[in-house]
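1. got a structure for you, letters missing:
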């Protein structure tokens, strides 16, 4: 299976990896078919995502998708992130092999769950 250079770059040098202690939105997602798991952390103030980080266990495409999702989130409004699609994550990586599209789903869904968690906490 051939990954793009961008996928490999995000896998080998993931951006924003690690726990965020002061996160006010956390989203967990798991793909039971392959066992990949992701947790995305957000720090949101004034409806803007200031910081994003992640922890993930899985294949290179899952790590890369979580990495790029955190980059996509920073500086965006929560409304923009709620409109972010699974395809947007895959496109930001220059595409994924057909058997790895579920990795962009994992990252996008974890990101959406983190926003939902923020909304729940702040209501």
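-> Thanks, I have it. This is a predicted model, so every value here is computed, not measured.

2. all helices of the chain, in order?
-> Applying DSSP state H to the chain gives helices spanning 5-12, 60-73, 78-82, 86-92, 101-122.

3. Report all helices and strands that the longest one contacts.
-> Same thing as helix 101-122. strand 25-30, strand 37-45, strand 48-57, helix 60-73, helix 78-82, helix 86-92 (3 or more C-beta pairs under 8 Å, 6 or more residues apart in numbering; DSSP states H and E). No exception for glycine: its C-beta is placed from N, CA and C like everyone else's.

4. circling back: quick one, which of the helices of the chain is nearest to residue 33?
-> helix 101-122 (7.2 Å; C-beta to C-beta).

5. what's the angle between the closest one and helix 60-73?
-> With axes from the mean of the first three to the mean of the last three C-alpha atoms, to 10 degrees as the basis, helix 101-122 and helix 60-73 are set at 40 degrees to each other.

6. Please identify the buried residues of helix 101-122?
-> Taking 16 or more other C-beta atoms under 10 Å as the neighbour-count basis, helix 101-122 is seen to contain the buried residues 101-115, 117-118.
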